[in-house]
Structure formats: C-alpha cells, structure tokens
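Chemist: could you work out the structure for the sequence below:
(2 chains)
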Amino acid sequence: GENVEQHPSTLSVQEGDSAVIKCTYSDSASNYFPWYKQELGKRPQLIIDIRSNVGEKKDQRIAVTLNKTAKHFSLHITETQPEDSAVYFCAASTLSGGYNKLIFGAGTRLAVHP
Amino acid sequence: NAGVTQTPKFQVLKTGQSMTLQCAQDMNHNSMYWYRQDPGMGLRLIYYSASEGTTDKGEVPNGYNVSRLNKREFSLRLESAAPSQTSVYFCASSEGGQGGTEAFFGQGTRLTVV
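Modeler: Numbers count the residues shown, from 1 in each chain, chains lettered A, B, ... in the order given. The predicted structure is shown next:
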C-alpha cells in the first residue's frame, strides 16, 4: 500500500526566514498531494494542494513542488511569521480498488521564533 | 452548514468497554474517513468509505469496525477498548472521485482508555 514519509519531524526558524518540508511517496499511481496545517488543539485544514499533472503551485507565501519521477513533493513557506507555527502534514491520494484514499505523513512541527 | 460533526468530543473508557463514535457531514460528500492521531505518528487511516454502501480497511483497522449508515453518517465502533486505542480520532469527508479532492475534518474525539 501507499506509504508517505515526511521530513523533518521538527523545524525551528527565525521570523522572516524560509521553511521547507519534504515528503516522499511510494505509489507511483498517486495523483493528488494536499498539505494540511494543524494548530494546537484544532482540526487539520487544507492550505495548498497539487495534482500530478502540475509541477508547481503557489499561493502567496506558500508553494508546493512535485517531482513525479522521484516521487517527491515539498512545501515551501517564505517570510515566515509566528502564526505559521503549527504542525504540517503532507498526504498522497492513491487509488485502491477504484477509489481514492488519503494517506498522511507523520507531520512536521514548525516553530517560528520572533 | 456545519461541515463535519463528531460526537462525543471527549470520552474515557475502561478496558474492555465498547463505544461508538459518531460522524455526520452535510456537504453531500461521497467519501468518508476515520483517522487516529498519535504523537509523532501523524494521521493514520483506520477505515474509509468511498461511497455509500462501501467500506474498506485502512492502515490500522484492527480493533475497530465501521458502518456507513447513509450518505451523511459514518460511525466507528470499538468493541472491546484497549489502552493502545487511547488517541485522538478524526472523521473526515471529501467529494471523492478518482482525481482526489480536499478532505474536511471534524473537530476530533479525544478518547482515553484506562
């Protein structure tokens, strides 16, 4: 089955710096790659996603890149702010028995220090 | 429009007791999921239902059963709770389909088994 690995598990940056989180997936048939942000005590919420026919997508300070050959995708946050502090999860959507299921990475705890 | 609603929010069980976690969505989504979240392990898929009338095992199904009661509701049952099932449980729903779509999460159920 699909396996998603995420690195690093923790990341500490200074306000204004960039942060990069990387994920790899195992199923070459995976076709949808969302990123979720989870603040303390709250539910995960989608921040950006990318489909397998696109190499890069950007939304203000966040961007995601996808390398299908390497089965690798990354989240880039520029000009980090203290409110970016949270746990970030990558995920891959894979077909199983004709249906999509979403498998998550283990998460990255990002701390942005003022 | 409430989105995804889970009940209860908190629960304490004794080892061997049973309980059912309820989940309902009002977005007319086809697919529904149950995840558990443990520190350092991300969101692990327990069971999912790609459409009304179908259910399938995820990454960690042992000790759990599910019922897709109708298109809106997807319940998770613990027949004989064990301390290893202490976790935060999230229900999620998505439109489904082969392209992969955003999953919307409920607020979570914090379960403690003593």
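
Chemist: could you tell me the end-to-end distance of stretch A:77-91?
Modeler: 17 Å (Cα to Cα, to the nearest Å).

Chemist: do any residues in it lie close to chain B?
Modeler: Yes - using Cβ under 8 Å from any Cβ of the partner chain, stretch A:77-91 comes into contact with chain B via A:F89, A:A91. The way it works is simple: take the backbone N, C-alpha and C, and place the C-beta from them, glycine included.

Chemist: list the buried residues for stretch A:76-93?
Modeler: For stretch A:76-93, the neighbour count (16 or more other Cβ atoms under 10 Å in any protein chain shown) marks A:76-77, A:80, A:84-93 as buried.

Chemist: so which of the residues you listed sit within strands?
Modeler: Among the buried residues of stretch A:76-93, the members falling in strands (DSSP state E) are A:H76, A:I77, A:A86, A:V87, A:Y88, A:F89, A:C90, A:A91, A:A92, A:S93.

Chemist: show me what contacts the second one?
Modeler: It refers to A:I77. A:I77 sits next to A:S18, A:A19, A:V20, A:R61, A:I62, A:D84, A:L110 when contact means Cβ atoms under 8 Å, 6 or more residues apart in numbering or on different chains.

Chemist: quick one: the host helix or strand of the last one near chain B?
Modeler: Going back to what we said before, that points to A:L110. A:L110 belongs to strand A:108-113 when assigned by DSSP states H and E. No - interface with chain B: strand A:108-113 contributes nothing (Cβ under 8 Å from any Cβ), its closest point being 9.4 Å away.

Chemist: give me the buried positions along that strand.
Modeler: Neighbour-count burial for strand A:108-113 flags A:T108, A:L110, A:V112 (criterion: 16+ other Cβ under 10 Å).

Chemist: give me the contact list for that strand.
Modeler: Under Cβ under 8 Å, 6+ apart, the answer for strand A:108-113 is A:6-15, A:19, A:21, A:77, A:80-89.

Chemist: hmm, back to that, pipe the buried residues of strand A:108-113 into JSON lines and attach distance to B:S49 and pLDDT per row.
Modeler: Listed next are the buried residues of strand A:108-113 as JSON lines, based on distance: Cβ to Cβ, whole Å; pLDDT from 0 to 100:
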{"residue": "A:T108", "distance to B:S49": "29", "pLDDT": "97"}
{"residue": "A:L110", "distance to B:S49": "32", "pLDDT": "98"}
{"residue": "A:V112", "distance to B:S49": "37", "pLDDT": "98"}
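
Chemist: helix, strand, or coil at A:I103?
Modeler: Classification of A:I103 by DSSP: H, G, I helix; E, B strand; the rest coil places it in strand.

Chemist: which non-adjacent residue is nearest it?
Modeler: On the basis of Cβ to Cβ, 6 or more residues apart in numbering or on different chains, the spatially nearest residue to A:I103 that is not a chain neighbour turns out to be A:E2, at 4.5 Å.

Chemist: and the one you found, that one's in a helix?
Modeler: No - per three-state DSSP, A:E2 lies outside any helix segment and is coil.

Chemist: my read is that it contacts A:S30, right?
Modeler: Yes - if you go by Cβ atoms under 8 Å, A:E2 and A:S30 touch, sitting 6.4 Å apart.

Chemist: which residues do the two both contact?
Modeler: A:A92, A:T94.

Chemist: with neighbour numbers in mind, choose between these two.
Modeler: Legend: neighbour count by other Cβ atoms under 10 Å in any protein chain shown for A:E2 and A:S30, higher for A:S30 (22 against 19).
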